[in-house]
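> sequence and predicted structure below; questions after.
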Amino acid sequence: QGTRVGFYARTCPRAESIIRSAVQSHFRSNPNIAPGLLRMHFHDCFVQGCDASILIDGPNTEKTAPPNRLLRGYEVIDDAKTQLEAACPGVVSCADILTLAARDSVFLTRGINWAVPTGRRDGRVSLASDTTILPGFRESIDSQNQKFAAFGLNTQDLVALVGGHTIGTSACQLFSYRLYNFTNGGPDPTMNPAFVPQLQALCPQNGDGSRRIDLDTGSGNRFDTSFFANLRNGRGILESDQKLWTDPSTRTFVQRFLGERGSRPLNFNVEFARSMVKMSNIGVKTSTNGEIRRICSAIN
Ligand code: HEM
Ligand SMILES: [Ca+2]
Ligand SMILES: [Ca+2]
């Protein structure tokens, strides 16, 4: 796979601590960068591998495509890169900065810390048209599973990684169709009927579609298992999230992450970290099939 823990130990020993303090200082003034960076890393890895292709500016690059338009946190990567170039010029890749920043984001929201294998190189290709490979929020679990399996990620990885929705928000425009006129003029029947009016109040019909609502109601800033408990209670925000509970193949894992009686319990934080390491190794570029960018938003 080519990556290893401590890749920069000799060439840039302070790399990981520089990145962590950059993420930390941005997080203090704007906590939204934590979910922003976690999602950005996922969207990077699924398109051309974890190679920082998401960071490239320009017409028709990945970041201009619809699934990426609401991504946040680019300034954190740029800031860390500037500091790293001052400390050890030309050594640390933007792909590794993003991978480490995603880990730090989980840690800062009170998830666990884990060792991240590093040594990724940066890609030179970024095409908006490649982003159709990203899973959509209206897709079936079967099709989500296929998209993850194509990268060697199994159903447990899928459920654990989507558990990243324990932090962060969604714009009303991406789920309000579930609240009004979903089937025969009514809301999505998989939603808890008591939850529907609450969400309708937050996202009124013909209201501001860009308004943002926690994906994990009541615990949007904390990396915990509350997201899965919400799914069990019919309180998933995205259609794809609620399907993790309605589909029996994924429900088993939700129950295990919740430690339900009669299930074989799995520790969500531990499994999330394990699945993140797997996802972070998708399509890694090493040696000559990549470069160390000078600025993260442009190829050299
Ligand atoms: C089936 C797969 C997935 C689908 C369909 C999906 C879809 C979405 C959607 C529609 C949003 C709302 C975006 C917005 O309004 O800005 C979102 C947010 C988010 N997603 Fe996912 N996602 C998936 C998997 C993942 C994975 C694997 C991760 C990371 C491990 C992740 C992390 C996040 C985070 C942290 C947010 C909040 C972003 C923010 O607050 O800025 N998602 N996702
Ligand atoms: Ca990429
Ligand atoms: Ca949470």
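Here it is on my side, so go on. Here the structure is a predicted model, which is why all the values come from computation and not from measurement. Ligands and ions are numbered 1, 2, ... in the order given.

> show me the helices in the stretch 201-300 of the chain, by range?
Remark: helices of the stretch 201-300 of the chain, listed N- to C-terminal, are 226-232, 239-246, 248-257, 268-279; assignment by DSSP state H, counting those that start in this stretch.

> most tightly packed of those helices?
Comparing these by mean neighbour count (mean count of other C-beta atoms under 10 Å), helix 226-232 ranks first with a mean of 23. Placement of C-beta: from N, CA and C, glycine included.

> hmm, it in reach of ligand 1?
No. Contact of helix 226-232 with ligand 1 is not found when judged by C-beta under 6 Å from any ligand atom; the minimum separation is 10.4 Å.

> name the surrounding residues that touch that helix.
Taking C-beta atoms under 8 Å, 6 or more residues apart in numbering as the criterion, the residues outside helix 226-232 that touch it are 163, 165-166, 215-219, 236, 241-242, 244-245, 254-255, 257-258, 268.

> picking that back up, for the helices of the stretch 201-300 of the chain, which one sits closest to G49?
With C-beta to C-beta as the measure, helix 268-279 is the member of the helices of the stretch 201-300 of the chain nearest G49 (10.5 Å).

> for that closest one, packing partners?
Under the contact definition 3 or more C-beta pairs under 8 Å, 6 or more residues apart in numbering; DSSP states H and E, helix 268-279 sits against helix 94-108, helix 155-162.

> which of the ones you listed sits closest to N181?
Taking C-beta to C-beta, helix 155-162 is the member of the helices and strands packed on helix 268-279 nearest to N181, at 26.2 Å.

> give me the contacts around the closest one.
Contact partners of helix 155-162, identified using C-beta under 8 Å, 6+ apart, comprise 42, 144-145, 148, 153, 240-241, 244, 249-250, 253-254, 257, 266, 268, 271-272, 274-276, 278-279.

> for the one helix or strand A86 maps to, enumerate the helices and strands it packs against.
Of the helices and strands defined by DSSP states H and E, A86 is found in helix 74-87. Judged by 3+ C-beta pairs under 8 Å, 6+ apart, helix 74-87 is in contact with helix 15-29, helix 33-45, helix 94-108.

> anything in that helix near ligand 1?
No. For a cut-off given as C-beta under 6 Å from any ligand atom, helix 74-87 has no contacts with ligand 1; the smallest distance is 11.8 Å.

> give me the mean pLDDT for that helix.
Computed over helix 74-87, the mean pLDDT rounds to 98.

> CA atoms of it as CSV?
Output for helix 74-87, consisting of C-alpha atoms alone and laid out as CSV, is shown next (Å, rounded to 0.1, in the frame of the first residue of the first chain):
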residue,chain,number,x,y,z
TYR,A,74,-9.9,24.7,2.5
GLU,A,75,-8.3,27.6,4.4
VAL,A,76,-7.1,25.2,7.2
ILE,A,77,-5.1,23.1,4.7
ASP,A,78,-3.6,26.2,3.0
ASP,A,79,-2.6,27.6,6.4
ALA,A,80,-1.0,24.3,7.5
LYS,A,81,0.8,24.0,4.1
THR,A,82,2.3,27.5,4.4
GLN,A,83,3.7,26.6,7.9
LEU,A,84,5.0,23.3,6.6
GLU,A,85,6.7,24.8,3.7
ALA,A,86,8.5,27.2,6.0
ALA,A,87,9.6,24.4,8.3
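
> quick one: that helix to helix 94-108, angle?
Angle between the axes of helix 74-87 and helix 94-108 is 120 degrees (criterion: axes from the mean of the first three to the mean of the last three C-alpha atoms, to 10 degrees).

> buried residues in helix 74-87, which are they?
Of the residues in helix 74-87, those buried under the neighbour-count criterion (16 or more other C-beta atoms under 10 Å) are Y74, V76, I77, D78, D79, A80, K81, Q83, L84, E85.
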